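Q: here's my sequence, what's the structure:
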Amino acid sequence: MTPALEAEELLLDTRFRAVDLGKLRLRVDELALTAGLGQPRRAEFVLAMHEVVCNAVRHGGGSGTLRLYQSRDTLRCQVSDEGPGFDEGSVPRSLPELGASGEGRGLWLVRRMTDSMEVSTDTVGARVTYTMRLGST
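A: Residues are numbered from 1 along each chain as shown. You can find the predicted model right below:
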């Protein structure tokens with residue numbers, strides 16, 4: 001018998017552009033606090049969101065969609081865009097050299113700060129999803 005999938009509550013479903021980033025950071029921080037994510041993990045969750053949203057704006061056509069979900073013990077952020085997409089293998093496994101192009105540093109950071117990160121690409125763009133366990137420090 002397969003265990004039932006854990007129910008998730010959709011906390012936020014919003015479109016964004018570059019001008020929305022400040023308000024989006026505040027809203028995600030408020031929702032993460034309400035969900036029970038403490039510091040310093042909450043700051044890392046919000047920074048991860050910032051990096052992924054900036055990538056969507058820069059490389060994904062200037063806008064995107066952010067969805068935030070909460071389950072009993074997890075907070076999950078999903079950011080999608082309508083750009084050309086990219087391969088998860090292009091995200092560096094180790095910190096890129098300082099003299100390098102700088103590409104991939106943001107997603108490298110997201111991978112390091114969160115409990116999981118996945119990238120998927122299809123005909124309508126890229127989707128980056130990351131999670132963080134609630135109550136973890």
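Q: G38 should be in a strand, yeah?
A: No. Using DSSP: H, G, I helix; E, B strand; the rest coil, the assignment for G38 is coil, not a strand.
Q: ok, how many other residues are close to it?
A: 13 (other C-beta atoms under 10 Å). To be clear about C-beta, it is placed using only N, CA and C from the backbone, and glycine gets the same treatment.
Q: how far away is it from L75?
A: Going from G38 to L75 by C-beta to C-beta, to the nearest Å gives 11 Å.
Q: repeat that for R112.
A: R112 is 17 Å from L75, where distance means C-beta to C-beta.
Q: tell me how far stretch 39-59 is from the chain's mean position?
A: With C-alpha atoms, centre = their mean, to the nearest Å as the basis, stretch 39-59 stands 6 Å off its chain's centre.
Q: just the CA trace of it, in PDB.
A: Taking C-alpha atoms only, stretch 39-59 is exported to PDB below (Å, rounded to 0.1, in the frame of the first residue of the first chain):
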ATOM      1  CA  GLN A  39      15.500  32.400  12.300                       C
ATOM      2  CA  PRO A  40      18.000  32.000  10.800                       C
ATOM      3  CA  ARG A  41      16.200  29.500   8.500                       C
ATOM      4  CA  ARG A  42      13.400  32.000   7.700                       C
ATOM      5  CA  ALA A  43      16.000  34.500   6.400                       C
ATOM      6  CA  GLU A  44      17.500  31.800   4.300                       C
ATOM      7  CA  PHE A  45      14.100  30.800   2.900                       C
ATOM      8  CA  VAL A  46      13.400  34.400   1.900                       C
ATOM      9  CA  LEU A  47      16.900  34.800   0.400                       C
ATOM     10  CA  ALA A  48      16.400  31.700  -1.600                       C
ATOM     11  CA  MET A  49      13.100  33.000  -2.900                       C
ATOM     12  CA  HIS A  50      14.900  36.300  -3.800                       C
ATOM     13  CA  GLU A  51      17.500  34.500  -5.800                       C
ATOM     14  CA  VAL A  52      15.100  32.300  -7.700                       C
ATOM     15  CA  VAL A  53      12.700  35.200  -8.500                       C
ATOM     16  CA  CYS A  54      15.600  37.400  -9.700                       C
ATOM     17  CA  ASN A  55      16.700  34.500 -12.000                       C
ATOM     18  CA  ALA A  56      13.100  34.200 -13.400                       C
ATOM     19  CA  VAL A  57      13.000  38.000 -14.100                       C
ATOM     20  CA  ARG A  58      16.500  38.100 -15.600                       C
ATOM     21  CA  HIS A  59      16.400  34.900 -17.600                       C
END
